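Q: when you get a sec, could you give me coordinates for this:
(one chain, ligands or ions: 1)
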Amino acid sequence: MNVLFTNVRILDGTGAQPYAGDVLIQGNRIVRIGRGTRSLPAAGVTVIDGAGATLMPGMCEAHTHFGWTNSKTLDAIQKMPHEEHTLWAAQVAKLYLDYGWTSCVGAATPKPRLDCVIRNAIESGQIPGPRYLAASQEITVTGSLGDDMLPHLPFPEMSFGCVVDGPEGMRKAVRMFLKYGVDQIKLNLSGDNLVPGADARTNWMSDEEVAIAARETKVRGKRLASHARSSESVKQSLRHGVEVIYHASFADDEALDMLEAQKDKVFVAPGLSVIIRLLNEGEVVGIDNKTARNMGYELELEAAVKSMKAMLKRGIRVLPGGDYGFAWAPHGENAKDLEYFVKYLGMTPMEALVSATRWGGQMMMRGKELGEIREGWLADLLLVDGDPLSNITVLQDKHKLLAIMKDGEFSKMPEIRSQRSRFVA
Ligand SMILES: [Zn+2]
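A: Reported below is the predicted structural model:
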């Protein structure tokens, strides 16, 4: 289908100011962009009259867990049986697309093959969903985040993380996930305030373990991601060539220097939702503000804001998304992150949008064809009823997304068509 978006305000994802224009899609590509309304010929194509709506690139969620079940606890995620879990994750994948996330980076899956199965089903057209990079389970060490085994029930299936100890255990786990076809291996390097006795500022994985994981992952040309809240875990990530760093809340000056030195390779996604929600709205899961502060979340938010501001100043790419899929921050609310970026990190709405689009394409490893409205690039587009630059929260409302296009195909068809336009007879 060839589609012409006409009479739209083009916000192209590069940071340039929006302009009125037309955009022609052929197959799965943006083939022509016209400046000025009705600047491209409309013959022989499906014409979508945007009536002044904003056309922007589809967004990228940098830290996605299709397998999280909107539950209150980590072990509840794991208790869902495989069959239900697969159906659940398929539904969640569709939901992300419905909310304008045309790309998602898998940040860990609770069952070993779940992410790969969902990605493959999306790619083969079996189910609707965003472009997706499939993740491994969170690989962790005994006692750290993701090890939910009970002393008297030593079954690995009880844990949403894959628990390994020592280089050989790590080698085997990484090879297994690569065999299943993951795009990204996830390592839990630091602790996490959600887990008792594993403070976010502590480091759990040894250099030997991380080194083996890095070696095996790179042999297969795949990418490493880390759960790294502590400063040391950020440095450990960078020492071993981890390119996707999640959280990085407590990054000190040395960690920031190391990040800056690798800024063309590295992506950071702070995943602010866990911290902000538990601190301010944790009552939904029985965590009041005092408890959240005792868990260290006030301290972590302060540190994360400081670290992210410093990163942005140094030109390090900080992306939205992260850890939606809990009771305190259910799937679908992910665009709240853009609001948090503006409110807490001091980004302009334009900067937040560039991070969700241009940087998103780069994080999807398709930085030369995804994440911007450019001739020859992939047609992942949102037609937005409103102006995200004057109100970034407009992207939180799926009803404001008039049309959603992924790879040249509408996952949501616009209602405003040329024949019904306010402007065309
Ligand atoms: Zn996560």
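
Q: just the C-alpha atoms of the worst-scoring helix or strand of the chain on mean pLDDT, please, in CSV.
A: Using mean pLDDT, DSSP states H and E, the weakest-scoring helix or strand in the chain turns out to be helix 74-78, at a mean of 89. Extracted in CSV, the C-alpha atoms of helix 74-78 (Å, rounded to 0.1, in the frame of the first residue of the first chain):
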residue,chain,number,x,y,z
LEU,A,74,9.0,-10.4,41.6
ASP,A,75,8.2,-14.0,42.5
ALA,A,76,4.6,-13.6,41.4
ILE,A,77,5.8,-13.1,37.8
GLN,A,78,7.5,-16.5,37.9
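
Q: list the buried residues for that helix?
A: With burial defined by 16 or more other CB atoms under 10 Å, the residues of helix 74-78 counted as buried are 74, 76, 77, 78. (Each C-beta comes from the backbone N, C-alpha and C, glycine too.)

Q: residue 350 should be in a helix, yeah?
A: Yes: under DSSP: H, G, I helix; E, B strand; the rest coil, residue 350 sits within a helix.

Q: neighbours of it, how many?
A: For residue 350, the neighbour count with other CB atoms under 10 Å is 18.

Q: low-confidence bits of the stretch 1-150 of the chain, can you list those?
A: Within the stretch 1-150 of the chain, no stretch has pLDDT under 70.

Q: quick one: name the residues of it near the ion.
A: Selection of the stretch 1-150 of the chain residues close to the ion by CB under 5 Å from the ion yields residue 107.

Q: show me the strands in the stretch 1-150 of the chain, by range?
A: For the stretch 1-150 of the chain, the strands defined by DSSP state E, counting those that start in this stretch cover 3-10, 19-26, 29-35, 46-49, 54-57, 59-64, 101-106, 131-133, 135-140.

Q: residues in contact with the closest residue to residue 376 other than its chain neighbours?
A: Closest residue to residue 376 apart from its sequence neighbours, by CB to CB, 6 or more residues apart in numbering: residue 29 at 6.3 Å. Residue 29 sits next to 376, 377, 378, 379, 408 when contact means CB atoms under 8 Å, 6 or more residues apart in numbering.

Q: what's the ChimeraX syntax to select whichever of these are buried?
A: If you want just the buried ones from these in ChimeraX, going by 16+ other CB under 10 Å, the selection is:
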select :377,378,379,408
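
Q: next step: the contacts of residue 29 restricted to helices.
A: Using DSSP state H, no member of those falls in helices.

Q: dump the contacts of residue 29 to CSV, plus distance to the ion and pLDDT.
A: Below are those laid out as CSV (distance: CB to the ion, whole Å; pLDDT from 0 to 100):
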residue, distance to the ion, pLDDT
376, 34, 98
377, 29, 98
378, 26, 98
379, 30, 98
408, 31, 98
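
Q: just to revisit the earlier point, among the buried residues of helix 74-78, which one sits closest to residue 1?
A: residue 77 (39.0 Å; CB to CB).

Q: residues in contact with that closest one?
A: Applying CB under 8 Å, 6+ apart, the residues contacting residue 77 are 67, 68, 69, 71, 110, 160.

Q: distance check, the residue nearest to the first one when sequence neighbours are not counted against residue 348.
A: On the basis of CB to CB, 6+ apart, the spatially nearest residue to residue 67 that is not a chain neighbour turns out to be residue 110, at 4.3 Å. The span separating residue 110 from residue 348 equals 36 Å under the rule CB to CB, to the nearest Å.
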